[in-house]
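Structure here, sequence nowhere to be found:
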Ligand code: GLA
C-alpha cells in the first residue's frame, strides 16, 4: 500500500473517521554536493519516489493525538504545552513541528496518522520528510496559508528544535522538487535550478547495513564538521584580507580565486579557541550551534575538511554541466571523486560504504558514492537505464541490502 493510502487507512482504524487531508513529503537523495550546504555552497539533490504521508483531521479538544505505522507508542499532548519527556524519537519531531508553529496555533487540536515507506536513519531524509509532511498537514487543517518558503524555514527550525543541526538542503528539495528533475540549490545568493535528468539514466540507492542516526556520535561528528568549516572560513578570510566576521562560512570566500590555493596554508589541526585568537575574532560565532555548545578546545582537522568542501563545490558545477550535456561517464567520475574526498579528507565514510560504492561501480554503475551525512546509511549509484539489476544485486551481495531504484519525483503535496 502506498503511504498516502496507508496513512488514511491507519487514520480510519484509529480515529473512526475519514481524514480531512493527507500530506505527502518525499525523501531525498543527494546526487553530489555533500557537506557543502552549511558552508552555503551548492548541492544537487532530488526527491525520491518514497515518502512519508500524514493523514490529519480535527480532534475533540485542544490536543494533538498521533499514531505511526512504524512505531508502537501513540503520542498525545495538549496543544499549548509539549511535555518535556517524549516516549519516542518521532514524538520529538511532532512536538517540534507543533512548536515551530507556536505563534500561529488555533484553539482546535488535531488527530494524525503517519505512514512511510522511507527507511529510517538511512540518510534519505526520513526525518525532514516527516517534519515537512506534518507542517503541510497542519497547514491544510488549520488554513495557515504557509508559502513554500515558510514551510522550508519552519521545517528547518523544527528540526533544530528536535536537536539536529543541519544545513538547508533537505527541507528545500523536499518542498520544491519536480518529477524527472534534479534540484541545484544555491545558498549565497539563494537560487534554485531544476535540471532535467536524461531519460537514459537510472539511479540506485543501497544501504551499507549500518544505520546513520541523527543523534549520538553521528551528531557529534556532524557538528565537528560544521565548526571546523567555520574555523577554516575564518582563517582563510584572515589570510585573504577579508573580514572573517562578515560570514564565517566557506561559501563567502569560495569565489575568490586564491581561496583554494590558500587551503594548504591552513593548520592541519586547530581548536576553535586558538583559531579565533589567530584570526582576531570572538569565539562565539565559531562554536554556537542551535543544538548546543561545542567544545572550543577540541583540535579539528580544518585543512582536510576545507579541501573537501571547496573541491566538492567545484564538483557540483561540473556535475551540473555533465547532466546538461548528458555525459554519464563524466558524472560517474565526479561521483567517484566525491566519495574519495569524503572518505580521505572529510572522513565521514565507513569501510562498508566504501565497499558498497566499489561493488556498485564494479557491477556497471558509471559512479557511486555515499549520500547524506555518511557515518553509515546509504550510497547512490548512477547507471544506464536497463542496467540497474546487476548494480542492485552487487549492492545486496556487498552489504546485505536493501537496495532499490529511485526516480526523481515531485516535492511535498496534498493527496
Ligand atoms: C545531512 C544534513 C544536510 C547535509 C547533509 C550532508 O543530511 O541534514 O543538511 O548537510 O547531511 O551533505
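Cool, the structure landed. Keep in mind that this is a model prediction, so the values were computed, not measured. Numbers count the residues shown, from 1 in each chain.

Could you use CA atoms for every contact and neighbour count after this?
Fine.

So which residues make contact with the helix or strand of the chain at the bottom of the mean pLDDT ranking?
None of the helices or strands of the chain scores lower by mean pLDDT, DSSP states H and E than strand 292-293, at a mean of 75. Residues outside strand 292-293 that contact it (C-alpha atoms under 8 Å, 6 or more residues apart in numbering): residue 287.

Mind listing the strands it pairs with, and their directions?
In the sheet, strand 292-293 lines up against strand 288-289 (antiparallel) (DSSP bridges).

how about the strand it pairs with, does it get close to the ligand?
No. Counting by C-alpha under 6 Å from any ligand atom, the ligand is not contacted by strand 288-289; separation bottoms out at 13.8 Å.

re earlier: check which element follows the least confident helix or strand of the chain along the chain.
Beyond strand 292-293 on the C-terminal side, the first helix or strand identified by DSSP states H and E is helix 302-325.

can you give me the angle whichever helix or strand comes after that following helix makes with helix 302-325?
Toward the C-terminal end, the helix or strand that comes next after helix 302-325 (DSSP H and E) is helix 328-344. Per axes from the mean of the first three to the mean of the last three C-alpha atoms, to 10 degrees, the angle that helix 328-344 makes with helix 302-325 is 170 degrees.

so how far is the least confident helix or strand of the chain off the chain centroid?
Distance of strand 292-293 from its chain centroid, counting by C-alpha atoms, centre = their mean, to the nearest Å, is 20 Å.

show me the contacts for residue 204.
380-383, 388, 391-392, 403-406.

What of residue 152?
132, 171-172, 175 are the contacts of residue 152 under C-alpha under 8 Å, 6+ apart.

which of those residues sit farthest apart?
Farthest apart among the contacts of residue 152 by C-alpha to C-alpha are 132 and 172. That separation is 9.7 Å.

Show me which of those two is the more surrounded one.
Ranked by neighbour count (other C-alpha atoms under 10 Å), residue 132 and residue 172 place residue 132 first, with 34 against 23.

Is it correct that that one falls within a strand?
No. The assignment for residue 132, made by DSSP: H, G, I helix; E, B strand; the rest coil, is helix rather than a strand.

Model confidence for it, exactly?
Looking at residue 132, its pLDDT reads 97.

What residues does the protein have near the ligand?
Proximity of the chain to the ligand (C-alpha under 6 Å from any ligand atom) is limited to residues 34-37, 166-170, 372-373.

With pLDDT and secondary structure as added columns, please give those in JSON lines.
Output for the residues of the chain next to the ligand, formatted as JSON lines (pLDDT from 0 to 100; DSSP: H, G, I helix; E, B strand; the rest coil):
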{"residue": "34", "pLDDT": "98", "secondary structure": "coil"}
{"residue": "35", "pLDDT": "98", "secondary structure": "coil"}
{"residue": "36", "pLDDT": "98", "secondary structure": "coil"}
{"residue": "37", "pLDDT": "97", "secondary structure": "helix"}
{"residue": "166", "pLDDT": "83", "secondary structure": "coil"}
{"residue": "167", "pLDDT": "89", "secondary structure": "coil"}
{"residue": "168", "pLDDT": "91", "secondary structure": "coil"}
{"residue": "169", "pLDDT": "97", "secondary structure": "helix"}
{"residue": "170", "pLDDT": "97", "secondary structure": "helix"}
{"residue": "372", "pLDDT": "95", "secondary structure": "coil"}
{"residue": "373", "pLDDT": "93", "secondary structure": "coil"}
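
ok and the residue in the stretch 201-350 of the chain nearest the ligand?
Nearest residue of the stretch 201-350 of the chain to the ligand: residue 222, at 7.7 Å (C-alpha to the nearest ligand atom).

Help me confirm that that residue is found in a helix?
Yes. Assigned with three-state DSSP, residue 222 falls within a helix.

Flag the shaky bits of the stretch 201-350 of the chain, pLDDT-wise.
215, 247, 291 (pLDDT under 70).

How are the helices of this protein distributed by residue range?
Secondary structure of the chain (DSSP state H): helices located at 3-15, 89-100, 126-142, 148-161, 169-176, 216-240, 259-262, 272-279, 284-287, 302-325, 328-344, 351-362, 388-399.

what distance separates the third one from the middle of the whole chain?
In this case it means helix 126-142. Chain-centre distance of helix 126-142: 16 Å, with C-alpha atoms, centre = their mean.

cool, stretch 23-31 as well?
Distance of stretch 23-31 from its chain centroid, counting by C-alpha atoms, centre = their mean, is 9 Å.

Same check on stretch 163-176?
Relative to the chain's own centre, stretch 163-176 is displaced by 5 Å; criterion: C-alpha atoms, centre = their mean.

On the pLDDT front, check the residue lying closest to residue 24 once chain neighbours are set aside for me.
Closest residue to residue 24 apart from its sequence neighbours, by C-alpha to C-alpha, 6 or more residues apart in numbering: residue 53 at 4.3 Å. Note for residue 53: predicted pLDDT of 98.

show me what contacts residue 53?
3-4, 7, 22-25, 114-116, 130, 133.

Please identify, among these, the one with the most neighbours.
residue 25 (33 neighbours).

need the contact list for that residue.
Counting by C-alpha under 8 Å, 6+ apart, residue 25 touches 51-53, 129-130, 132-133, 174-175, 411-413.

rerun at 6 Å
With contact taken as C-alpha atoms under 6 Å, 6 or more residues apart in numbering, residue 25 is in contact with 51-52, 129, 133, 412.

from those, which single one is nearest the ligand?
residue 129 (11.1 Å).

which strand of the chain spans the most residues?
Criterion DSSP state E: the longest strand present in the chain is strand 44-57.

Dead centre of this protein: give me the residue that sits there.
In the chain, the residue lying closest to the centroid (C-alpha atoms, centre = their mean) is residue 170, at 3.8 Å.

That one and residue 132, how far apart?
Distance of residue 170 to residue 132, given as C-alpha to C-alpha, to the nearest Å: 10 Å.

The residue in the stretch 251-400 of the chain that the ligand sits nearest to: how many residues sit nearby?
Ranked by C-alpha to the nearest ligand atom, the top residue of the stretch 251-400 of the chain for proximity to the ligand is residue 373, at 3.6 Å. By other C-alpha under 10 Å, the residues close to residue 373 number 26.

Then residue 9?
Count around residue 9 with other C-alpha under 10 Å applied: 19.

how close does it sit to the ligand?
When distance is defined by C-alpha to the nearest ligand atom, to the nearest Å, residue 9 is 30 Å away from the ligand.
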